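>>> sequence and predicted structure below; questions after.
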Amino acid sequence: MSEAYITGVGMTPFGKHPNTTSTELGAMAVIEAMRDSGIDPRQVDAAYCGSVYGGISVGQRVLAQVGMTGLPITNVENACSSGAVALREAFLAVRAGEHDIVLALGVEHLTSKFDGAITPDETDPETVVGLTMSGIYAMRAQRYMHDYGVDHAQLALVSVKNKQNAAKNPLAYFKKPVTVEQVLSSRAIADPLTLLECSPATDGAAAVVVVSARVAAQFRDRRVTLAASTLRSGELETTDSQMSFETLTELTASQAYERAGIGPEDVSVAEVHDCFSIAEVLRVEGAGLFPRGEYLHAVARGDAHIGGRLPINPSGGLLGKGHPLGATGIAQVVELVRQLRGAAGKRQVDGARVGLAHCRGGKTVGVDAAACTVQILVK
Amino acid sequence: MHDGPVAPQGWSRSPRGTSEVFVSNVIGVGPDGEYALIGGQCAHCGRAMFPLRDMCMHCQAPDPDPMALDGDGVVYSYTVIRQAAPGFSVPYVLASVDLAAGVRIIGQVKAQPADVTIGTAVQLKVEPIGEDSRGRRVIGYRFHVSEEGRA
């Protein structure tokens, strides 16, 4: 078994790209990742492409655009974890010894697909009665506030922090910081969540190059170890299920810590799936990065800000950087690689050595999520 | 194997006529023409489920018994949806409700937002909720605030 390493990363600016297709966005990210890796694209053994609404054979379309044909290309759909699962497949292929150089990419052109709320599958009984993704997170937010005695203004601080980080990220959708008052007074989406607490419909692409130890030996200065990549499907919802704590995230993260031989106390920077303000709270508490019920107090103290005890979403996260579904899981890892290389510019987390990425998305009737992933990167 | 959705003894999983449709395949009609949500109960572990599955959600024993779900529940959490998918009129109250049978069901609450909070007592009703584009009655399910649930 070989260790898996990441030697190249690339991503497009995230935002609205009305005049650029998903194929073109994907190609931009792939070209940058290949150049960054220093590896000839003709040496790539296989590719995995994550997308939710990219359509038939999106990976083949993107890779043909950069002249990459005649290799095993696999498209991956796993809700908001699609990109993360594409990366996991690359990780597994390298760890299994099947391939030495594997490309993982994610691409989404969401603004041409959606105007309004995103839902689980349209035939799902819960979607049919009016459940939206913002609705499910709104219910989680209501329950969290009820269980832990926190208020909406405290929750809004997550959006303020992440948009502040995004303002330091030239690739982010949001360019300006916002205040708590602006978050609270923005348009109501699903009570208590407002527009500025929901990640925006976003277009974008990201790519990483995953290689075996044999190949990585040539790139000691830029490689980062992908030490663990775990995936679980959602948990059954029963009258015992807690909306204010994510058992699914806890289990997925525990498995990743075990595989990587580290614990949550070793993590120096994390990119977590903050599709909504409440989501970041549930992720970091589920992953054991902050004690249960205490994260919003930690945010208020600055513990999760860049320069704080454990910076969360220095890239701006989904709330600030944007959320092109299939690209999100890859883009998180792009940010972590840049952080571990010390190349994150104004967002740099000093001394970053261990990075954690978390994605969680989707829902089916009676089950709390479609997929949850955790990746651990070590310098 | 079975040819279509299974139902409790004496129940049908089909609408009563061509002038009505079910909002989704989780609804059944009883022997006296009454509607209910069709869940299930495992013959092995005894636990309830919604919707009815081919194997138990809890212990994976085969062929859970179909069970008509109705009656009282308590709001576990709720929201007011103000931006919905196309085809829905906003706002509406949506809740996750714990039924006495032991299942948690997401559905709309036919109530003003101010009348619903965590812990509100509600009743599950399967009833006409509107018309489709072809003028057929749509039979759906939603919750009503119980008399004792009112503040």
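All right, it came through fine.

>>> near chain B, which residues of chain A?
Residues of chain A lying near chain B by CB under 8 Å from any CB of the partner chain: A:116-117, A:119, A:122-123, A:125-132, A:134-136, A:138-143, A:146, A:187-193, A:236-239, A:241, A:243, A:365-366. In this view, the C-beta of every residue, glycine as well, is placed from N, C-alpha and C.

>>> show the buried residues in the residues you listed.
Among the residues of chain A next to chain B, those classed as buried by 16 or more other CB atoms under 10 Å in any protein chain shown are A:117, A:119, A:125-132, A:134-136, A:138-143, A:146, A:188-193, A:237-239, A:243, A:365-366.

>>> for the closest residue to chain A within chain B, give me its contacts.
In chain B, the residue that lies nearest chain A is residue B:79 (3.6 Å; CB to the nearest CB). Contacts for residue B:79 (CB atoms under 8 Å, 6 or more residues apart in numbering or on different chains) come out as A:135, A:138, A:139, A:141, A:142, A:190, A:191, A:192, A:193, B:93, B:94, B:95.

>>> tell me which element the first one falls in.
Yep, that's residue A:135 we're talking about. helix A:133-148 (DSSP states H and E).

>>> tell me the mean pLDDT over that helix?
Averaged across helix A:133-148, pLDDT comes to 97.

>>> contacts for it?
Residues outside helix A:133-148 that contact it (CB under 8 Å, 6+ apart) are A:117-120, A:150-152, A:155, A:189-193, A:198, A:242-244, A:275-279, A:281-282, A:293, A:296, A:363, B:76-79, B:81, B:83, B:94-96, B:106, B:118.

>>> of the residues you listed, select the buried ones using a ChimeraX command.
Burial among these is assessed by 16+ other CB under 10 Å; the matching ChimeraX selection reads:
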select /A:117,118,119,120,150,152,155,189,190,191,192,193,198,243,244,275,276,277,278,279,281,282,293,296,363 /B:76,77,78,79,81,83,94,95,96,106,118
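
>>> show me the contacts of helix A:133-148 that map onto strands.
The strands, defined by DSSP state E, take in A:189, A:190, A:193, B:76, B:77, B:78, B:79, B:81, B:94, B:95, B:96, B:106 from the contacts of helix A:133-148.

>>> the fourth one touches residue B:98, doesn't it?
Looking back up the chat, that one is residue B:76. Yes. The criterion here is CB atoms under 8 Å, and residue B:76 meets it with residue B:98 at 5.1 Å.

>>> anything in contact with each of the two?
Common neighbours of residue B:76 and residue B:98 (CB under 8 Å, 6+ apart) are A:239, B:104.

>>> what is the burial count for residue A:344?
Residues near residue A:344, counting by other CB atoms under 10 Å in any protein chain shown, number 21.

>>> what does residue A:300 give?
14.

>>> now do it against residue A:37, distance only.
As defined by CB to CB, to the nearest Å, residue A:300 lies at a distance of 40 Å from residue A:37.

>>> do you know how far residue A:89 is from residue A:98?
Residue A:89 sits 11 Å away from residue A:98, going by CB to CB.

>>> these two: who's more crowded?
Neighbour tally, residue A:89 and residue A:98, criterion other CB under 10 Å: the higher count belongs to residue A:89, 22 against 14.

>>> quick one: contacts for that one?
By CB under 8 Å, 6+ apart, residue A:89 lies in contact with A:48, A:74, A:76, A:104.

>>> widest-spaced pair of those?
Maximum pairwise distance in those, criterion CB to CB, is 10.1 Å, between A:74 and A:104.

>>> give me the common contacts of the two.
Shared contacts of residue A:74 and residue A:104, defined by CB under 8 Å, 6+ apart, are found at A:47, A:48, A:49, A:86, A:89.

>>> before we move on, what SS does the last one have?
The assignment at residue A:89 comes out as helix when based on DSSP: H, G, I helix; E, B strand; the rest coil.

>>> per-domain residue ranges of the chain.
The chain I'm using is chain A. If you go by automatic domain parsing, the domain ranges for chain A are A:4-113+A:202-226, A:125-198+A:228-378.

>>> my question was about chain B, not that one.
Annotated domains of chain B cover B:20-69, B:71-149 [automatic domain parsing].

>>> how about those domains in JSON lines, adding mean pLDDT?
Output for the domains of chain B, formatted as JSON lines (pLDDT from 0 to 100):
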{"stretch": "domain B:20-69", "mean pLDDT": "92"}
{"stretch": "domain B:71-149", "mean pLDDT": "93"}
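
>>> nearest to residue A:266, of those?
Per CB to CB, nearest to residue A:266 of the domains of chain B: domain B:71-149, 33.9 Å.

>>> now the closest one, how far from the centre of its chain.
Taking CA atoms, centre = their mean, to the nearest Å, one finds domain B:71-149 lying 9 Å from the centre of the chain it belongs to.

>>> before we move on, back to that, higher neighbour count, residue A:74 and residue A:104?
Between residue A:74 and residue A:104, counted using other CB under 10 Å, the more crowded position is residue A:104 (31 against 15).

>>> that one belongs to a strand?
Yes. The assignment for residue A:104 is a strand, going by three-state DSSP.

>>> ok, now which ones touch the residue nearest to residue B:21 when sequence neighbours are not counted?
Nearest residue to residue B:21 in three dimensions, chain neighbours excluded: residue B:136, at 5.0 Å (CB to CB, 6 or more residues apart in numbering or on different chains). Residues in contact with residue B:136 (CB under 8 Å, 6+ apart) are B:18, B:19, B:20, B:21.

>>> and the helices in the stretch 201-350 of chain A?
A:213-216, A:247-260, A:277-286, A:295-301, A:317-321, A:325-341 (DSSP state H, counting those that start in this stretch).

>>> to residue A:321, which of the domains of chain B lies closest?
Closest among those, using CB to CB: domain B:71-149, at 21.5 Å.

>>> in a helix, residue A:61, correct?
Yes. Counting by three-state DSSP, residue A:61 is located in a helix.

>>> double-check it against residue A:23; I have them as touching.
Yes. Contact criterion CB under 8 Å: residue A:61 and residue A:23 qualify, at 4.7 Å.

>>> residue B:130: how many residues sit nearby?
Other residues close to residue B:130 by other CB under 10 Å number 11.

>>> equivalent analysis for residue A:105, please.
34.

>>> equivalent analysis for residue A:369, please.
23.

>>> and it, helix, strand or coil?
coil.

>>> grab the nearest non-local neighbour of it.
Excluding the flanking residues, the one nearest residue A:369 by CB to CB, 6+ apart is residue A:234, at 3.6 Å.

>>> mind listing what that neighbour touches?
For residue A:234, the contacting residues are A:248, A:362, A:363, A:364, A:367, A:368, A:369, A:370, A:371, A:372, by CB under 8 Å, 6+ apart.

>>> try 7 Å
Residue A:234 makes contact with A:248, A:367, A:368, A:369, A:370, according to CB atoms under 7 Å, 6 or more residues apart in numbering or on different chains.

>>> surely residue A:374 is within a strand?
Yes. Looking at residue A:374 with three-state DSSP, it is inside a strand.

>>> bridging residues for it?
Following DSSP bridges, residue A:374 is listed with bridge partners residue A:230, residue A:358.

>>> I'd say it and residue A:253 touch.
Yes. If you go by CB atoms under 7 Å, residue A:374 and residue A:253 touch, sitting 4.8 Å apart.

>>> anything in contact with each of these two?
Common neighbours of residue A:374 and residue A:253, using CB under 7 Å, 6+ apart, are residue A:287.
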